[in-house]
Structure formats: C-alpha cells, structure tokens
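Novice: Kindly generate the corresponding structure for this input.
(chains A and B)
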Amino acid sequence: MKRLVAGGLWLMVVAWLVGAPLQAQVTFDRLLHAAREPQNWLTYSGTYFSQRHSELVQITPENVKNLEPAWIYQLNSREPTSTRFEVTPVVADGIMYIVQPPNDIIALDAVTGRPFWTYAYNPSQQARPCCGRLNRGVAIHEDRLFMGTIDGHMIAIDAKTGALLWDTTVVRPEAGYAFASAPLVIKDKVIIGPAGGEYGIRGFLAAFDVATGKEAWRFNLVPGPGEPGFDTWQGDSWKTGGASIWLTGSYDPELNLTYWGVGNPGPDWNGDNREGDNLYSNSVVALDADTGKLKWHFQFSPHDEFDYDAVQIPVLADAQWQGKPRKLMYFANRNGYFYVLDRVTGQFLSGKPFVEVNWASGLDPNTGRPIRIAGRAPSAPPGTLIFPGNQGGTNWYSPSYSPRTGLFYIPTWANYSSLYVRDKVEYVEGRRFAGGGGRAPVPGIRTGQGGYSWAKPEEGYGAVRAIDPTTGALRWEYKMSDLTWAGVLTTASNVLFSGSGEGYFFALDARTGALLWKSQLGATIRSGPMSYAVNGKQHVAVTSGSGLFVFKLRE
Amino acid sequence: MLSFLIVTAATSMALARAPAQAPAQAGGPPPPNGEQLYKQNCIECHGPEGNEVPDVDLGRGRFRRATTDPELIGIVLRGIPNTAMPPNNFSEAQASAIVQYLRARASRAAASAGNAANGRALFTGKGTCTTCHRVNGSGARTGPDLSDVGRLRNSTDIERAMLEPDFAVLPSNRFVRIVTRDGATITGRMLNQDMFTVQLIDSKEQLRSLMRADLKEFAFLERSPMPSYRGKLSASEIADLVSYLVSLQGGGVQ
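Specialist: Numbers count the residues shown, from 1 in each chain, chains lettered A, B, ... in the order given. Predicted coordinates for the structure are as follows:
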C-alpha cells in the first residue's frame, strides 16, 4: 500500500499546483484507480474496494483540532421535514453531487457549497419505501450521473447541466419496490437492486447500459423454478421472498467479480411458511460483472428470523492471511459476527462475534454456518430476548478498513438486544409483510432524533470498535452514550471520523481510539463521512439532520 | 415588458412542471373554460379557425398588435379603440383562459404546421443549433438544454426566440462576461450567484465557481449569443424547427 500513499500524494501535489481542477470525464479507468486521485471521491464507498479510506493526509491527528466549518448545505427539499439525509456525496474535480430527499440531484461547488443546478424528480405517489423517502447517493461515469428513485426508476442525467438523459421504469412501487442505494458503475453498466424487504418483494440485482438505460442482465436474489437454490424455499414462498438490496456493492477488477450484500427474507420475523435456507437472503453474492452470472455465494444467516439483513458493505482487502497474501473480503454483519472470506472462491476463513450474540452458539469452523440454539427464535409476546437486537450489531452505516493500521472499524451497537415477537402474517401487495418485530427490552432507552437519553451505560450503546481482522480480536473501543447511525472514515494520516446519535461529529486516532476533536452538529449523524480536496485543501463531509456539513482546517 | 414576459415564462414553466397538481378549486366555481368562452364570444368576427380578421390568425399565434399574454388579455378586456374589436365584460381569469386556449391551439398548430423530422435535421445541420444547444444528450451545453423545451414554452415563444433572440431571455439563461484579477476572460451562462460568489458554465463547458473578490469585471451580456434566424432560414424551415422543438417534451431517450 506504500505505493498508493506515495502515488496519491504526488498526484495531489500536481492537482494543487494547477489550481482549480479541470473537469475531465470520469472514465472507467479513473473509477478503477480512484485511490490514485484521493482529492476526488468517485463512488459511494470511495473506491471499488469499499474501504471508506482516504489517502489524503493534510488533516492529521495533530492538527485535526483546527477543523472548522467550510460550509453547510441545508436541504431545500419539497419535503422539508425530512431528516433522513443519508447521502454520501460524490466529488469529481471540484464538483460535489448529492441527492436531496427524496430524489433531487444537486451539483454543488465543493469549495463554497453553492449549487450550480438542481435536477428535481417527482416520484410517483405510489412510492412506499419502508424506512424513509431517502437516497444514499449517485454514481458517476463519464459525464453522466445515475440514480435509483424511490418509485423504482433508474435515471441518468447530464453531470454538467442536470438534464435528463434516460429514465427506465424498473420495478413497481405499488408492490413495495424502491431504490435507496447509490448504484455502482462497472465498465459500461450501472448496477443496482431494489429495497423492499418488508413488503414481500422478490429481490434481484440488475445492470443497465450507461448510454441507453436498457437492462443488460438481471440476477434473481430469490431463485425461481429451475434456478439453483429454488429448493431452499417452501412452496410459493419464493414469490415474496424479499432479499432486497439497499447498499452499494464492491468490485474486484482482476476477478471481474462484483460483490453485494443481500437483505432479509420475507416475512422478516415469521419463517413458518418459508422453511429452508432461503437463498440468497442474508448472503453476499459474487457476480460476473459482465453477465450477472453467480460465481459464488456465502450465506451468513440461513433461514433468518431476526431481520439480520446482510446488506453491509463488502470490504475488499489484499492482505496477509496466515502468512500468505490473499484476496480477502471483510464483512461486519448485522447478525453480530465479523467474517473473513476468500473473495476468489467465497471460502469461509473466519467468523468471530464482535458484539454479544445469543441466537447462535458459534459458527461451524469449516463452513461458517451458524449453530442455532433451540428456542432462540421470535415467539408470542412478550417475545424472546435476543442479542444483537433488531438493528443488529451493525447495520447500513459503513465500516472502514485502514491499510495503514491494518485495523477494521465497525460502527457498533454494543450490548444491544430486542424482544423478538412472532406474529401472523398474510401477503397483500404493497402492504408490510413482516410477521412480528423487535421491541426494546427497556422501553424508551433509544434517543432517536430527539437528543435526549436516559439509558444506563449497560443498556446498549453505540461504539466504534477497532478489530484486528486477522484474529477478530477487539483492539480498542470508542464508546458513545447513545446508539450510532454514522459510518466510519479513516485517512492515511491515521485520523478516523465518525459520529453519534446525539449529533457529535468526532475524530479519533485510528491507532488508539483516543478522541482528538468533536463538533456538535445538532442532530443525529446519519451517513458515512467522506473526504476530498480541492485547491489544495482537504475537506471532510458528513450529514446531520437536514444539513450536509463540510469541514476544513482553519487558515 | 421584459419583466412581464419573464414572469409569464416562469409561471408557465412552473405550471408545466406540475401538470398533475393543477389544483381542483375545492368548493369554488369551476375554472373558466377558454374554448367555450371563445366559441360564445369571439367566433362571430374571428371565425372558428380564428383567421377571419385580416392579418390576424388567432389559432396560429399571429396577432397585429400584441405578443405577450398580458397584452392579449388587455385587448380581450378593453378592446382596441377605433376598430371592430370591442371591450368585453370578462373577468381577468376568463380573459386569461381565452388567451391560454389560443396559445394551446397555436402550439398544436405549430406542431403540425411544420415537419418535425425536417426540423430535427435542420437543428443538427443547417441551423447549427447543436453548436450551443443540447437535446437528449447530443450537442453542446453552453446554451440551454432544449430536451424539454416543448413542455416549457409554447410555439409562439419558440418562434420568437429564433427570430428575436433578445426579446425574452429567462434569467437562468443569461450570459455573463467576467475578467478575473489575473486577467483571464470567462464567458458563460449564469447558473447561480450570491453576495460573494458566482457560478456559471463557461464556453468550454466547465462548471465554474468564482469569488467576486477575485473578479475585475463582471457584466451580463446585453445581447444573447444566440443569432437571429430571420433571413437565414426560410419561413417553412422555421416552421419545421418550431415543430421539432415543440415536440421535445423531456423524459429522456425512450
């Protein structure tokens, strides 16, 4: 990784010398080598390896205390009360692209935060996303931007003018399908899958031609008759099997494989009518990026009854494994385990709990399959107490891997449990199809948006946990009083950024977890921080409440 | 007059963007029906096609004395002294409904008057429109993207824009010329501005954000970079282009 650091620095110096960056096309080659231009942030997770790690080094553990707001963008949405502002911006050559809820794309000057233009999208009244009328970001390729909408369209717009280029109707919002995640561009295709795991959708991943919007391939995440894995579903349960996509996948160009985490089976909490493993729910799938053909899959939580979506970011790393260099995937799962997989074959290498787990006694050392404990399943009220609780040991907020420290950083819900209740369920198109739920064992301990907390320290708390991925051992923990909804960003200068439920945006020393700096932004931090540089100045951006906050060093 | 036009254009744009949200007037009287009012009150002199008064063709947007909606509404209400056009006892809303009815007819007429396919060929060929304009991903970005211009502006406006480009320019399509302190000259289409900064897309299609403090000169161009096509294209070619542009309704490549 030394080369990347040095290379990144050198390129940055060049970029700084020439002043305002010239806007060039964001070619596939640039996406492939995004780490070489750390002044830009070209995909949801920063690079195809999805490490949410920046090679920028201007902000250091020593000077991070001098951060101050560069600018703030406040939502100017037709839905002004929305606080589900979960976007990770894309920055290319000094222009920042964000999505304002529900589906407005805005081009901002990355220096001043002033908008160049807004593309306003009017979603259908039929849209019924489960968890907020939100969007986590765009993908960029050449001079096009791509977005999935909450009413099931994929659209492309001109990155310079915001003019619509194509609009493809992909799925039916009235049946509960929605797009929430940022798509991923690979070569000449843009890939996404639908959310809707609480509505009995049948999930899939699909690729669209970047120029025309025509569907190029589709992989069914719930196999139909004749497809491998169909026999993991009882009766007709596959038709409403869930297996949604609501975060962005990763890509290994050498293998030409793209990796995506897949959501829960439907109905979430009542598995009675879907006996079987329910593939490919709660799995990571490795697909050929050109054809969408399945190369391998690994299912973390077969026949899930706890809503343990495995949509988390598959983080790719080329690192040592038992003394040999190996193509690895690190995966911190909502089910409470941290996994290491061989990303060439999908072979299970290790899985260790990173939080308290009581639904399984462990993982099979050869296959990684969880060993379920009898009786630990949703039940009639008051329900069954399960660790981790319904939001999981971690969830959609991105983890980070720093090749500098060799540590993997998980936004964690620690010592957290729910009472899982099983309920009757019947499928009606467009209605929730959940079959129960998870309730807090101590009512009212979560602060949510309000900024008040009454939780005892032992009643579940948010944390950044740094683990050694080679052993799964906890190296350090930064404990918060409230639960967290913020992702983690690390930089090559060993600064770690994350945030808390009650609104602190903070910087830690990535080596030790020591608090270096904090700023109260006034509402829950609800995205993964990202970093970019323009005119020679490193910036860090994160959303909180209805604002995008951008910091840089005081001059 | 210019400001009137801009307001009109902006209003029609807002209306065009939200066709589904045209409010049903809950409880109030139904909105006036322009077609009905025309047929009841105007048809006797102007005829069913609107072309029975010399030099006037209401159905095709040809008027002798007025061009803008407010002017037309004024004539409908107050008539034209010393002519056969009498004042009328309409409400403002009724007069406006008649004008909107005539505008819609003119747009439909323009769409069918010319040949849109020819217009498309002219747009990319002889008219050299793509030197500045872009439609569905082809052409330059220095001028406004016209992919949905048929939804935003009516045929009368579009034709006038080709013949008299300076007549009515939307504020969001104004051009500026800037000289920076270090001597660089930048021209481009204004996208945004505030107390301290200016945002534009320049002649090289770069999105630029500049600090006002760094600028030596900053001026809106008095004349649009858009040339007049009067005399450069024939009347039928103009009609073809108008038909093509009216047909551009957005929605991207299907």
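Novice: wait, does stretch A:93-101 make contact with chain B?
Specialist: Yes. Judged by CB under 8 Å from any CB of the partner chain, stretch A:93-101 and chain B are in contact via A:94-95. (Glycine included, C-beta is placed from N, CA and C.)
Novice: residues in contact with the closest residue to chain B within the stretch 451-555 of chain A?
Specialist: In the stretch 451-555 of chain A, the residue that lies nearest chain B is A:Val534 (10.0 Å; CB to the nearest CB). By CB atoms under 8 Å, 6 or more residues apart in numbering or on different chains, A:Val534 lies in contact with A:20-21, A:39, A:91, A:94, A:110-111.
Novice: Then A:Leu255?
Specialist: A:Leu255 neighbours (CB under 8 Å, 6+ apart): A:295, A:327, A:343-344.
Novice: And the strand ranked longest in chain B, what does it pack against?
Specialist: Using DSSP state E to assign secondary structure, the strand with the most residues in chain B is strand B:185-193. If contacts are counted by 3 or more CB pairs under 8 Å, 6 or more residues apart in numbering or on different chains; DSSP states H and E, strand B:185-193 sits against strand A:115-119, strand B:175-180, strand B:197-202, strand B:207-211.
Novice: Which residue ranges of the stretch 101-250 of chain A form strands?
Specialist: Per DSSP state E, counting those that start in this stretch, the stretch 101-250 of chain A carries strands over the ranges A:104-109, A:115-119, A:139-141, A:144-148, A:153-158, A:164-169, A:184-186, A:189-192, A:204-209, A:215-220, A:250-252.
Novice: will you turn these into TSV that also has mean neighbour count?
Specialist: Shown next, in TSV, are the strands of the stretch 101-250 of chain A (neighbours: other CB atoms under 10 Å in any protein chain shown):
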stretch	mean neighbour count
strand A:104-109	23
strand A:115-119	20
strand A:139-141	26
strand A:144-148	27
strand A:153-158	24
strand A:164-169	20
strand A:184-186	24
strand A:189-192	25
strand A:204-209	23
strand A:215-220	18
strand A:250-252	24
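Novice: now the closest residue to chain A within chain B, nearest residue through space, not along the chain?
Specialist: Distance from chain A to each residue of chain B (CB to the nearest CB) is smallest for B:Ser209, at 3.5 Å. Setting aside the residues directly before and after it, B:Ser209 is nearest to A:Asp109 in space (CB to CB, 6 or more residues apart in numbering or on different chains), at 3.5 Å.
Novice: is it true that the one you found touches A:Gly94?
Specialist: Yes. Counting by CB atoms under 8 Å, A:Asp109 touches A:Gly94, with 7.2 Å between them.
Novice: shared neighbours, these two?
Specialist: With CB under 8 Å, 6+ apart, A:Asp109 and A:Gly94 have common neighbours B:207, B:209.
Novice: Need the residue in chain B that's farthest from the chain's center.
Specialist: Taking CA atoms, centre = their mean, the residue of chain B most remote from its mean C-alpha position is B:Asp182, at 38.1 Å.
Novice: Look at that residue and give its secondary structure.
Specialist: Per DSSP: H, G, I helix; E, B strand; the rest coil, the local secondary structure of B:Asp182 is coil.
Novice: ok, which residues in the stretch 101-250 of chain B are in contact with chain A?
Specialist: Counting by CB under 8 Å from any CB, the stretch 101-250 of chain B sits next to chain A at B:134, B:136-137, B:141, B:145, B:147-148, B:191-192, B:194, B:196-197, B:199, B:201, B:205-209, B:250.
Novice: Buried members of those into PyMOL, please.
Specialist: In PyMOL, a selection of the buried entries from these looks like this (16 or more other CB atoms under 10 Å in any protein chain shown):
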select buried, chain B and resi 134+136+137+141+145+147+148+191+192+197+199+201+206+207+208+209+250
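Novice: which residues of the stretch 101-250 of chain B fall in helices?
Specialist: Applying DSSP state H, counting those that start in this stretch to the stretch 101-250 of chain B gives helices spanning B:116-124, B:149-152, B:155-163, B:235-246.
Novice: Tell me which residues of the first one come out buried.
Specialist: If I follow you right, that is helix B:116-124. Within helix B:116-124, the residues that qualify as buried are B:116, B:118-123, counting by 16+ other CB under 10 Å.
Novice: where along the stretch 401-550 of chain A do the helices fall?
Specialist: Taking DSSP H, counting those that start in this stretch, the stretch 401-550 of chain A contains no helices at all.
Novice: which residues of it score low on pLDDT?
Specialist: Where the stretch 401-550 of chain A drops to pLDDT under 70, the residues are A:443-451.
Novice: Show the pLDDT at A:Trp166.
Specialist: pLDDT, A:Trp166: 97.
Novice: B:Gly252 is in contact with that one, correct?
Specialist: Yes. A:Trp166 lies in contact with B:Gly252 (CB under 8 Å); the separation is 4.2 Å.
Novice: Could you dump the helices of the stretch 101-250 of chain B into JSON lines with mean pLDDT and distance to A:Asn282 added?
Specialist: Output for these, formatted as JSON lines (pLDDT from 0 to 100; distance: least, CB to CB, whole Å):
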{"stretch": "helix B:116-124", "mean pLDDT": "96", "distance to A:Asn282": "51"}
{"stretch": "helix B:149-152", "mean pLDDT": "87", "distance to A:Asn282": "45"}
{"stretch": "helix B:155-163", "mean pLDDT": "89", "distance to A:Asn282": "55"}
{"stretch": "helix B:235-246", "mean pLDDT": "93", "distance to A:Asn282": "52"}
